[in-house]
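Q: coordinates for the following, if possible.
(one chain, ligands or ions: 1)
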Amino acid sequence: MRTERTWTPEETAWLVQIGHRLPLEDICEALGRSEESVKCKAKRMRLYGRNVGPLRKTGTIACICKSCGRSRYRFSRNGICSICNEHAKIQRCEARMSDALRDLPQSLRSVYMETEAKRESKAPTMPNRQDRRAMEEWELVCLRRQYNAAKKRLQRMREHAGTNPILKQFRKNEYSVNPKEN
Ligand SMILES: [Zn+2]
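A: Residues are numbered from 1 along each chain as shown. Predicted coordinates:
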């Protein structure tokens with residue numbers, strides 16, 4: 001028998017506040033849990049008088065995001081809409097980029113500054129504005145592309161500056177292991 005990991009209070013709260021508006025598949029994806037696990041939890045919660053709506057196969061009910069105040073369909077585990085989360089990720093990445101920029105040699109820094117303006121990639125076709133669900137998905141796709149581009153850029157900068165944390169760790173280990181072997 002497979003043992004499911006214990007439900008945290010955060011996951012339970014999320015299921016009550018946000019999860020139940022989503023189709024079952026999305027709940028499973030957001031929590032990284034199986035359908036059985038989610039269904040079982042919802043059933044148990046109902047038994048204890050918690051208000052968990054019926055789990056649906058399709059369709060999402062829109063809900064107001066407490067961060068941006070907009071009516072949204074997609075939410076992350078922290079209860080904030082996926083679009084707000086994506087914006088926050090991009091912001092964090094850009095903050096790291098400006099740090100990485102400082103670590104670059106002057107000559108490379110100007111190259112990166114120059115290309116900064118040109119990094120827009122072609123966005124996917126915008127859907128009908130009236131279709132709010134599709135618009136939200138579209139916005140999310142655009143933001144994810146932007147984030148991935150920023151991430152790649154940060155990686156390149158760190159490689160150039162020799163400050164990639166993973167590489168640094170790797171070199172350190174290499175250095176500390178080799179002398180003992182000799
Ligand atoms: Zn939001």
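Q: Ala13: neighbouring residues, count only.
A: 12 (other C-beta atoms under 10 Å). Placement of C-beta: from N, CA and C, glycine included.
Q: for the helix or strand hosting it, the averaged confidence score.
A: Following DSSP states H and E, one finds Ala13 within helix 9-17. In this model, helix 9-17 has an average pLDDT of 88.
Q: next secondary structure after it?
A: Helix 9-17 is succeeded, C-terminally, by helix 24-31 (DSSP H and E).
Q: kindly report the residues of the protein close to the ion.
A: Within the chain, the positions adjacent to the ion are 65, 67-68, 81, 84 by C-beta under 5 Å from the ion.
Q: looking at the residues you listed, which one is closest to Pro124?
A: Cys81 (19.6 Å; C-beta to C-beta).
Q: wait, the closest one sits on Gly69?
A: No - contact status for Cys81 versus Gly69: not in contact, 9.8 Å apart, counting by C-beta atoms under 8 Å.
Q: neighbour-wise, which of those two wins?
A: Counted by other C-beta under 10 Å, Cys81 and Gly69 do not tie: Cys81 has more neighbours, with 26 against 10.
Q: on that earlier part again, could you pull out the buried residues of the helix holding Ala13?
A: 11-12, 14-15 (16 or more other C-beta atoms under 10 Å).
Q: got those as CSV, with distance to Ser110 columns?
A: Listed next are the buried residues of helix 9-17 as CSV, based on distance: C-beta to C-beta, whole Å:
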residue, distance to Ser110
Glu11, 48
Thr12, 52
Trp14, 46
Leu15, 51
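Q: what segments of the protein are strands?
A: 63-64, 71-72 (DSSP state E).
Q: on that earlier part again, now, among the buried residues of helix 9-17, which is nearest to the ion?
A: Trp14 (15.1 Å; C-beta to the ion).
Q: isn't the closest one up against Arg77?
A: Yes - contact criterion C-beta under 8 Å: Trp14 and Arg77 qualify, at 5.8 Å.
Q: anything in contact with each of the two?
A: 30-31 (C-beta atoms under 8 Å, 6 or more residues apart in numbering).
Q: residue ranges with poor pLDDT in the chain?
A: Residue ranges of the chain with pLDDT under 70: 1-3, 116-121, 163-182.
Q: how much space separates Arg56 from the ion?
A: As defined by C-beta to the ion, to the nearest Å, Arg56 lies at a distance of 22 Å from the ion.
Q: looking at strand pairing, list the partners for that residue.
A: Pro23 (DSSP bridges).
Q: is it true that it touches Leu24?
A: Yes - with contact defined as C-beta under 8 Å, Arg56 and Leu24 form a contacting pair (6.7 Å).
Q: could you list the domains of this structure?
A: By the assignment in automatic domain parsing, the chain contains the domains 9-61, 82-165.
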